[in-house]
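Peer 1: pasting the sequence and the predicted coordinates here, then a few questions.
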Amino acid sequence: MLRHFLLTLTLALGAGAQSDAPATLDIETENLVIYRHDVFDATRVATEAGPTTPLPLRTFMNVTWIADVVAVNGIAAKGAMTVRGTWVSLNPNPTPGTGIADTSNSLAGDWVFDIQRSDGSPVGTIMASGWAFGARSAGYLPPGQGNLAVLGGTGAFVGIRGQGKEASVIAGARNTASVTEDPSNRRLHGGSARRYAFQLIPMARPAFVTSANTMGVFHSDFSPVTASNPATKGEVLIAAVTGLGPTLPGKQPDAPFSADALQVVAAPIQVLVNGTHVNASSQVGWPGTTGTYRVDFRVPEDAASGLATVQLVAAWIPGPTAQIPVR
């Protein structure tokens, strides 16, 4: 039965059509230092133990930002944020040395958020471009500053698009330095902590799969969970799902997952049952398939009898909800 199911599976949309609403990512950073390119002598770059005091910003001065990613949506993470930008200050009523324009924006640059799990294993990279400071575009984002367009990503974020901005300065410690300062001492000298808010539209969302009228959730003997064979409280279930992204180790897109060594999903995976996070004890590529994954999860002991709502979250991006019977 399971083999037949996996050969005929199709994408399940749960109780309804998949939502096109953007997913929200809240990325927290610490030890942000903005290095001003204030010298032209390459022999002096990154040589001073610091901390340093940079020269004042001037129009067309280049800057490089470096910060540590420490959390995504409140979940501990690792990684780095880097920005390569040029200080261009635009204003309808400029002062001497700044640019005249109909908008008020400052610092045009390219942003890279390289995100890892808390254990240091890679998840993916979000890449954006835009203004660090100034007026935001039409549409809703939390209060803050900046106007970033998400241009794409890698790993679990491949094909992603959307918009973002700096949402808040969590701690206003020192955040500027001369490019002569040695960046290996960045954490030693400290920097500011800032939070960035993104609305992201992924290329794919995590979802359960179905064959005919059977949802892709199974008991430990691989018999499907149905109204006549419901899940029980405290039981560990096996789910066949799609949209979880790359694995470690990786594979060619059209190659099947290996049956010799399990390939673990790179993205952090969460399972919600009736809105409560439950442990996902297995999250691997399903051997023999090219784009199906296996996720094992436990039904909470205190789950109410009846239909339970389940939802997958991959790389902090939620999928559509579905329902399973529980007794």
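Peer 2: Everything's here; your move. Numbers count the residues shown, from 1 in each chain.

Peer 1: what is the neighbour count of the nearest residue to Pro224 once chain neighbours are set aside?
Peer 2: Spatial nearest neighbour of Pro224, excluding adjacent residues (Cβ to Cβ, 6 or more residues apart in numbering): Thr214 at 4.8 Å. Just so you know, the C-beta spots here come from the backbone N, C-alpha and C atoms, and that holds for glycine as well. Residues lying near Thr214 (other Cβ atoms under 10 Å) number 17.

Peer 1: distance check, Thr214 against Thr232.
Peer 2: According to Cβ to Cβ, to the nearest Å, Thr214 stands 18 Å off from Thr232.

Peer 1: now do Ala167
Peer 2: From Ala167 to Thr232 the distance is 43 Å (Cβ to Cβ).

Peer 1: more crowded one of the two?
Peer 2: Set Ala167 next to Thr232 and count neighbours by other Cβ under 10 Å: Ala167 wins out with 20 against 14.

Peer 1: thought the more buried one was touching Leu25?
Peer 2: No. With contact defined as Cβ atoms under 8 Å, Ala167 does not reach Leu25; the gap is 10.8 Å.

Peer 1: Gly162 is in what secondary structure piece?
Peer 2: strand 161-171 (DSSP states H and E).

Peer 1: so what touches that strand?
Peer 2: 22, 26, 28, 30, 128, 132, 136-137, 139, 141-152, 192-201 (Cβ atoms under 8 Å, 6 or more residues apart in numbering).

Peer 1: after that strand, next one along is what?
Peer 2: Once the chain leaves strand 161-171, the next helix or strand it forms, by DSSP H and E, is strand 176-178.

Peer 1: chain center to that next one, what's the gap?
Peer 2: Relative to the centre of its chain, strand 176-178 is centred 29 Å away, using Cα atoms, centre = their mean, to the nearest Å.

Peer 1: which elements pack onto that strand?
Peer 2: strand 23-36 (3 or more Cβ pairs under 8 Å, 6 or more residues apart in numbering; DSSP states H and E).

Peer 1: give the next helix or strand downstream of the strand it packs on.
Peer 2: Following strand 23-36 toward the C-terminus (DSSP H and E): strand 62-72.

Peer 1: how close does the residue in the chain sticking out farthest from the centre sit to Thr59?
Peer 2: Most distant from the centre of the chain: Pro96, at 40.9 Å, with distances by Cα atoms, centre = their mean. Look at Pro96 and Thr59: by Cβ to Cβ, they are 10 Å apart.

Peer 1: hmm, back to that, and the residue farthest from the centre of the chain, which of the three is it?
Peer 2: coil (DSSP: H, G, I helix; E, B strand; the rest coil).

Peer 1: okay, it: pLDDT?
Peer 2: Looking at Pro96, its pLDDT reads 94.

Peer 1: number the residues from 5 up from this point.
Peer 2: In the new numbering, first residue 5, that becomes Pro100.

Peer 1: which ones are touching it?
Peer 2: By Cβ under 8 Å, 6+ apart, Pro100 has no neighbours at all.

Peer 1: tell me how far it lies from Ser108.
Peer 2: Counting by Cβ to Cβ, the gap from Pro100 to Ser108 is 17 Å.

Peer 1: also Val154?
Peer 2: Taken as Cβ to Cβ, the span from Val154 to Ser108 is 22 Å.

Peer 1: tell me which of the two has more neighbours.
Peer 2: A direct count of neighbours by other Cβ under 10 Å for Val154 and Ser108 places Val154 higher, at 24 against 15.

Peer 1: quickly find the element holding the more buried one.
Peer 2: Counting by DSSP H and E, Val154 is part of strand 149-159.

Peer 1: packing partners of that strand?
Peer 2: Using 3+ Cβ pairs under 8 Å, 6+ apart: strand 149-159 touches strand 126-138, strand 165-175, strand 196-205.

Peer 1: sheet partners, orientation included, of the last one?
Peer 2: On the basis of DSSP bridges, the sheet neighbours of strand 196-205 come out as strand 27-40 (antiparallel), strand 165-175 (antiparallel).

Peer 1: same check on the first one?
Peer 2: In the sheet containing strand 126-138, the strands it pairs with under DSSP bridges are strand 109-120 (antiparallel), strand 149-159 (antiparallel).

Peer 1: residues of the shortest one that come out buried?
Peer 2: This means strand 149-159. 149-152, 154, 157-159 (16 or more other Cβ atoms under 10 Å).

Peer 1: mind putting these into CSV with pLDDT and distance to Val43?
Peer 2: Listed next are these as CSV, based on pLDDT from 0 to 100; distance: Cβ to Cβ, whole Å:
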residue, pLDDT, distance to Val43
Gln149, 85, 28
Gly150, 88, 27
Asn151, 90, 30
Leu152, 94, 29
Val154, 97, 33
Gly157, 97, 34
Thr158, 97, 33
Gly159, 96, 36
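
Peer 1: find the nearest non-adjacent residue to Leu29, please.
Peer 2: Using Cβ to Cβ, 6+ apart, the closest residue to Leu29 is Phe202 (4.4 Å).
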